[in-house]
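Asker: model this:
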Amino acid sequence: MPILKLIFSILISLLPLNILRVLGYQLLGYKINKSKIGFGTFILVDSFTLNQSKIGWFNLFVGPMNVSINQNVSIGHQNKFICGYWVLQNQYKEFNYSRTLQIEQSALITSNHYFDIAGTFILGERSWIAGIGSQFWTHGAGTQNRTIKIGSDCYIGSAVR
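Answerer: Residues are numbered from 1 along each chain as shown. Presented below is the predicted three-dimensional model:
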């Protein structure tokens, strides 16, 4: 992880106005169009596309992953979307982790959820991750690479594990 990009991302997340945060992240190469990014939301990923959507305050998007968030998506506060840098270590390269987060149009994620993005996580159109405290893991013991795909028009309740 380049240290300069890390420092800039921290500073950008703390800028007081949405327009400044959006501009700052655009200067880092992220594609952000007509969207709102809440105060303290920290983005440090390989690629990030946000199209006409809202992200609340103090969310984390961290790691060597690709993020695509489509139109009219709403993400609440204090969610963590994490891909550990361990996936780039030589001992794990053979597993070809996909490292992809895809949130489709009009989906909703409320607050305080954890998403492991070593594999692929897809949230379908108009689907909800509701309540608080759910965890989604795309890798684990005995399985190196998992895809989690939640289809369209689904409702996932609180504290799912």
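Asker: Which residue ranges of this protein form helices?
Answerer: With DSSP state H as the definition, the chain shows helices at residue ranges 3-13, 18-27, 90-93.
Asker: packing partners for the lowest-mean-pLDDT helix or strand in the chain?
Answerer: Using mean pLDDT, DSSP states H and E, helix 90-93 stands out as the lowest-scoring helix or strand of the chain, at a mean of 88. When contacts are defined as 3 or more Cβ pairs under 8 Å, 6 or more residues apart in numbering; DSSP states H and E, helix 90-93 packs onto no helix or strand at all. C-beta: built from backbone N, CA, C; applies to glycine.
Asker: how many neighbours does the residue nearest to D153 when sequence neighbours are not counted have?
Answerer: Closest residue in space to D153, ignoring its immediate chain neighbours: R126 at 5.1 Å, by Cβ to Cβ, 6 or more residues apart in numbering. Using other Cβ atoms under 10 Å, the number of residues around R126 comes to 16.
Asker: Next: I7.
Answerer: Neighbour count of I7, defined by other Cβ under 10 Å: 10.
Asker: Pull up the gap between it and S13, please.
Answerer: Distance of I7 to S13, given as Cβ to Cβ, to the nearest Å: 11 Å.
Asker: and what of R126?
Answerer: Counting by Cβ to Cβ, the gap between R126 and S13 amounts to 29 Å.
Asker: returning to what we had before: and the least confident helix or strand of the chain, which residues are buried?
Answerer: Y92 (16 or more other Cβ atoms under 10 Å).
Asker: W128 contacts I103, doesn't it?
Answerer: No - with contact defined as Cβ atoms under 8 Å, W128 does not reach I103; the gap is 11.4 Å.
Asker: can I assume the residue nearest to D153 is in contact with G151?
Answerer: No - between R126 and G151 no contact is recorded; they are 10.0 Å apart, counting by Cβ under 8 Å.
Asker: N112: what's it in contact with?
Answerer: Under the criterion of Cβ atoms under 8 Å, 6 or more residues apart in numbering, the neighbours of N112 are 76-79, 132-133.
Asker: H139: which of those is nearest?
Answerer: Distance ranking of these against H139, using Cβ to Cβ, places N79 first at 18.7 Å.
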